[in-house]
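1. when you get a sec, could you give me coordinates for this:
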Amino acid sequence: MRIRLWLFILVLVVLMTGCATDSETKETQNNSSDEVTFKEGKVVSVKDKTFYEEDLDFHTLMNKIKLLLQKEVTEDEEQLEYLDEQIEYHDNINVNLQSMIELYAAALLAEEKNYFIPDDKLLKEVGKYKEQIDEADEAVEMVEDFGREKFNRNIEEYVRQTLLRDRVVADLEENLKEDNPDAEDREINFYLAKEYDDLIEDQIATLEIEIHIE
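-> Modelled structure (predicted):
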């Protein structure tokens, strides 16, 4: 995942002192969220919602778990190495902060289209997530380290947002296929990623965002 320049710069400006050396700057960029001090536990406010440290920690956990679950279904050595690199990559606060904001922005966009997730579908998808996690020992260990109670407290809202985001993606994909009936799946996926990226960037640009880092 690429980090958008506006947020990358914003976070680093807040994190870094004016006299930081190049080596200090690189170290700061690699800091995880637990090495950063937040004001009153708040991480970021997006529109009328404030995300706290627990929210960011949970989002970081889920980013890593998704990668771990991919590892469970592949035997390709290069792919496994890549996934391990991505898990380490998600130790970076900027990556997870950006990801959390993008997911919420996509959910807001879906709600603006009057989309919603019925409770029965939400509970079903939450159950699927939990089943997948329980079948992967490393993922279970990560959940236990995070705290099973905290995990259960956050999982429903996370899944709700991901399902809303998926509705946005599905709309884009449907439109692309209608406009390009002869396009191959690879081409559709390429343009889908680009259009989604641009759409979320435009959505984020309309939102008032405040990062609460001391």
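
2. low-confidence stretches in the chain?
-> Residues of the chain meeting the criterion pLDDT under 70: 1-36.

3. the same query, at a cut-off of 50, please.
-> Low-confidence segments of the chain, defined by pLDDT under 50, span residues 1-5, 8-9, 12-13, 15-34.

4. which residue ranges of it form helices?
-> 5-15, 22-29, 53-72, 77-89, 93-112, 119-134, 137-146, 148-179, 185-205 (DSSP state H).

5. kindly reformat those as JSON lines and extend each row with mean neighbour count.
-> Where you see a C-beta, it was placed from the backbone N, CA and C, and this is true even at glycine. Putting those into JSON lines (neighbours: other CB atoms under 10 Å) gives the following:
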{"stretch": "helix 5-15", "mean neighbour count": "15"}
{"stretch": "helix 22-29", "mean neighbour count": "12"}
{"stretch": "helix 53-72", "mean neighbour count": "19"}
{"stretch": "helix 77-89", "mean neighbour count": "13"}
{"stretch": "helix 93-112", "mean neighbour count": "21"}
{"stretch": "helix 119-134", "mean neighbour count": "13"}
{"stretch": "helix 137-146", "mean neighbour count": "15"}
{"stretch": "helix 148-179", "mean neighbour count": "16"}
{"stretch": "helix 185-205", "mean neighbour count": "14"}
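
6. need those in JSON lines with distance to residue 43, can you?
-> Formatted as JSON lines, these follow (distance: least, CB to CB, whole Å):
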{"stretch": "helix 5-15", "distance to residue 43": "11"}
{"stretch": "helix 22-29", "distance to residue 43": "17"}
{"stretch": "helix 53-72", "distance to residue 43": "5"}
{"stretch": "helix 77-89", "distance to residue 43": "19"}
{"stretch": "helix 93-112", "distance to residue 43": "7"}
{"stretch": "helix 119-134", "distance to residue 43": "23"}
{"stretch": "helix 137-146", "distance to residue 43": "16"}
{"stretch": "helix 148-179", "distance to residue 43": "14"}
{"stretch": "helix 185-205", "distance to residue 43": "16"}
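
7. just so I know, which of those helices lies nearest residue 41?
-> When these are compared by CB to CB, helix 53-72 sits nearest residue 41, at 5.1 Å.

8. what angle separates the closest one from helix 137-146?
-> Put simply, helix 53-72 runs at 170 degrees to helix 137-146, going by axes from the mean of the first three to the mean of the last three CA atoms, to 10 degrees.

9. name the residues that touch helix 53-72?
-> By CB atoms under 8 Å, 6 or more residues apart in numbering, the list of residues contacting helix 53-72 from outside reads 32-34, 38, 41-43, 80, 83-84, 86-87, 90, 93, 95-97, 99-100, 103, 132-133, 135-136, 138-139, 142-143, 146, 150-151, 154, 158.

10. and for stretch 188-197?
-> For stretch 188-197, contacts defined as CB under 8 Å, 6+ apart pick out 168, 169, 172, 173, 176, 177, 180, 183.

11. again, 7 Å this time
-> 169, 172, 173, 176, 177, 180 (CB atoms under 7 Å, 6 or more residues apart in numbering).

12. with only the CA atoms kept, save it in CSV.
-> Taking Å, rounded to 0.1, in the frame of the first residue of the first chain, the C-alpha atoms of stretch 188-197 are listed here in CSV:
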residue,chain,number,x,y,z
ILE,A,188,-10.3,-4.3,-15.0
ASN,A,189,-8.4,-4.8,-11.8
PHE,A,190,-5.7,-2.3,-12.8
TYR,A,191,-8.2,0.4,-13.5
LEU,A,192,-10.3,-0.6,-10.5
ALA,A,193,-7.4,0.0,-8.2
LYS,A,194,-6.6,3.4,-9.7
GLU,A,195,-10.2,4.6,-9.7
TYR,A,196,-10.7,3.5,-6.1
ASP,A,197,-7.5,5.2,-5.1
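
13. good, wrapping up.
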